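>>> I would like to see how this sequence folds:
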Amino acid sequence: LFVQKNGSGIDVALNETTQQSAFDRIFIQCSDLMDLQETEVNTLNVTDELKVCQATCLQVFSTILTNSPLCEKKCLLGLCQLISYRHIPLDLVFKMLNLACRALSYPDVRTYVEYQLPYLVHNWLNEGVVNSSVQQFPFQLLNFTCVEQFIRAHQDLIVTETLINKMKLDEVARILKLVGVDLHPGLLSALPHILIYILPLFAADCAKQTLVEPVSHKLLKKATDCYEILKLELSDKEINESVVENLEAIIMRVLNCLYLDNNEFSGSLLSFEPNPPCYNGQIVRTTLDYLAQNFIVENKEKTTLINVLVKSPVSQTPSLTHSN
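Down below sits the predicted model:
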């Protein structure tokens, strides 16, 4: 799938742009086909035709999921859209995904979808991609029977992505209200996750003169705006204390955001899309240095990343205020 013969007659994967473009066309055709079938209400065999259409689309998606790592995440997101907006029966979806999971070495559908969930939720809420709501997400793929179960199980992720993508506290409050959680404690709980979208960009801006590729003004502005929105509900003291208490976890999350593009080393045109957020090695190192420099150890010795990792953070004083 998505390959061409090279000079030696060997199948070689097409580059990322070509594969993504091909998938976009396939998705539009599948979606349009569903529209066509749904509107032909006067056709006597419309039910049979719709079933054939659904089976065909699922077979296409299964082939892409299992044969194109570059399009895998995008394909799963597209499948979520077809479930929610084209009403493909879940029993057929599970049958297809079970086969795909077996081919991809996942134990079950829930484990597979959970692994991809940060990407799925981020793009589901992103106004530049799907721009939908948490309530519309096909949480049934995770074996939940209602949206409340979904939110409770993944509250910090959902709060983080809602804030980052919608940039409105009332949107977050509405989500939390569904599970009986107030806005203030809900934000505090998710804060270590939210800061992973903010801290690296602040750190990169502080060290912009040393970066090969400075972060874009758009990303920095979004991080700054998000931080200002947080401060409408949380005090500086609460934010700083959360960083101190969760410093080790924040460092681990920053390390987990490291994304080394294949192009950097091999010149390959294939670059697999990671779960968001993701940062290159320079930004990750800069963020770790930023954390070390702004969390002073108790005996006032020169702060290094090792100090931050091995010292108890109880007496450390963070400085998150961004300065240009």
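>>> what does the domain assignment say about this protein?
According to automatic domain parsing, the chain comprises the domains 1-105, 198-324.
>>> mean pLDDT lowest for which of those domains?
If the domains of the chain are sorted by mean pLDDT, domain 198-324 sits at the bottom with a mean of 74.
>>> before we move on, back to that, with mean neighbour count as added columns, please give the domains of the chain in JSON lines.
Bear in mind the C-beta positions are built from the backbone N, C-alpha and C, glycine included. Shown next, in JSON lines, are the domains of the chain (neighbours: other Cβ atoms under 10 Å):
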{"stretch": "domain 1-105", "mean neighbour count": "16"}
{"stretch": "domain 198-324", "mean neighbour count": "16"}
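>>> what's the closest of the ones you listed to residue 190?
domain 198-324 (9.9 Å; Cβ to Cβ).
>>> picking that back up, dump the domains of the chain to a markdown table, plus distance to residue 134.
As requested, the domains of the chain are exported to a markdown table (distance: least, Cβ to Cβ, whole Å):
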| stretch | distance to residue 134 |
| --- | --- |
| domain 1-105 | 11 |
| domain 198-324 | 16 |
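>>> so residue 213 is in which element?
According to DSSP states H and E, residue 213 maps onto no helix or strand at all.
>>> who touches it in this structure?
280, 282 (Cβ atoms under 8 Å, 6 or more residues apart in numbering).
>>> ditto for residue 290
199, 202-203, 206-207.
>>> quick check, nearest of those residues to residue 255?
residue 199 (12.7 Å).
>>> residues near residue 138, how many?
For residue 138, the count of nearby residues is 21 (other Cβ atoms under 10 Å).
>>> Please report the distance of the residue nearest to it when sequence neighbours are not counted from residue 146.
Nearest residue to residue 138, sequence neighbours excluded (Cβ to Cβ, 6 or more residues apart in numbering): residue 83, at 4.2 Å. According to Cβ to Cβ, to the nearest Å, residue 83 and residue 146 sit 16 Å apart.
>>> Check residue 225 too.
Taking Cβ to Cβ, one finds residue 225 at 33 Å from residue 146.
>>> before we move on, back to that, from the contacts of residue 290, which is closest to residue 219?
The closest of those, once distances to residue 219 are taken by Cβ to Cβ, is residue 202, at 10.9 Å.
>>> What helices and strands are in contact with the host helix or strand of the closest one?
Using DSSP H and E, residue 202 sits in helix 199-206. Packing partners of helix 199-206 (3 or more Cβ pairs under 8 Å, 6 or more residues apart in numbering; DSSP states H and E): helix 217-230, helix 247-256, helix 281-294.
>>> which residues are contacting that helix?
Counting by Cβ under 8 Å, 6+ apart, 211, 214-215, 219-220, 223-224, 227, 250, 254, 257, 277, 279, 283-284, 286-287, 289-291, 320, 322-324 sit against helix 199-206.
>>> can we see that at 6 Å?
215, 219-220, 223, 279, 283, 286-287, 290, 322 (Cβ atoms under 6 Å, 6 or more residues apart in numbering).
>>> Tell me the one of the residues you listed nearest residue 67?
residue 279 (29.2 Å).
>>> Report the beta-bridge partners for the closest one.
residue 258 (DSSP bridges).
>>> wait, doesn't it sit right on residue 260?
No - the pair residue 279 and residue 260 does not pass the contact test of Cβ atoms under 6 Å, sitting 10.4 Å apart.
>>> With just CA atoms, put stretch 170-190 into CSV.
Extracted in CSV, the C-alpha atoms of stretch 170-190 (Å, rounded to 0.1, in the frame of the first residue of the first chain):
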residue,chain,number,x,y,z
ASP,A,170,-16.3,27.7,30.5
GLU,A,171,-15.7,24.8,28.0
VAL,A,172,-13.6,23.1,30.6
ALA,A,173,-16.2,23.8,33.3
ARG,A,174,-18.9,22.2,31.3
ILE,A,175,-16.9,19.1,30.8
LEU,A,176,-16.1,18.8,34.5
LYS,A,177,-19.7,19.5,35.5
LEU,A,178,-20.7,16.3,33.7
VAL,A,179,-18.8,14.3,36.3
GLY,A,180,-19.5,16.5,39.3
VAL,A,181,-16.1,18.1,39.5
ASP,A,182,-15.6,21.9,40.1
LEU,A,183,-13.4,23.9,37.7
HIS,A,184,-10.7,24.8,40.3
PRO,A,185,-9.8,21.3,41.5
GLY,A,186,-10.2,19.9,37.9
LEU,A,187,-7.6,22.4,36.6
LEU,A,188,-5.2,21.7,39.5
SER,A,189,-5.4,18.0,38.8
ALA,A,190,-4.6,18.5,35.1
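>>> Just the buried residues of that stretch, please?
171-176, 179, 181, 183, 186-187, 189-190 (16 or more other Cβ atoms under 10 Å).
>>> And stretch 133-149, by the same measure?
Result for stretch 133-149 [16+ other Cβ under 10 Å]: buried residues 133-134, 136-142, 144, 147.
>>> From the chain's centroid, how far away is it?
17 Å (Cα atoms, centre = their mean, to the nearest Å).
>>> circling back: got the helices and strands packed on helix 199-206 as a markdown table, with distance to residue 33 columns?
Listed next are the helices and strands packed on helix 199-206 as a markdown table, based on distance: least, Cβ to Cβ, whole Å:
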| stretch | distance to residue 33 |
| --- | --- |
| helix 217-230 | 36 |
| helix 247-256 | 39 |
| helix 281-294 | 42 |
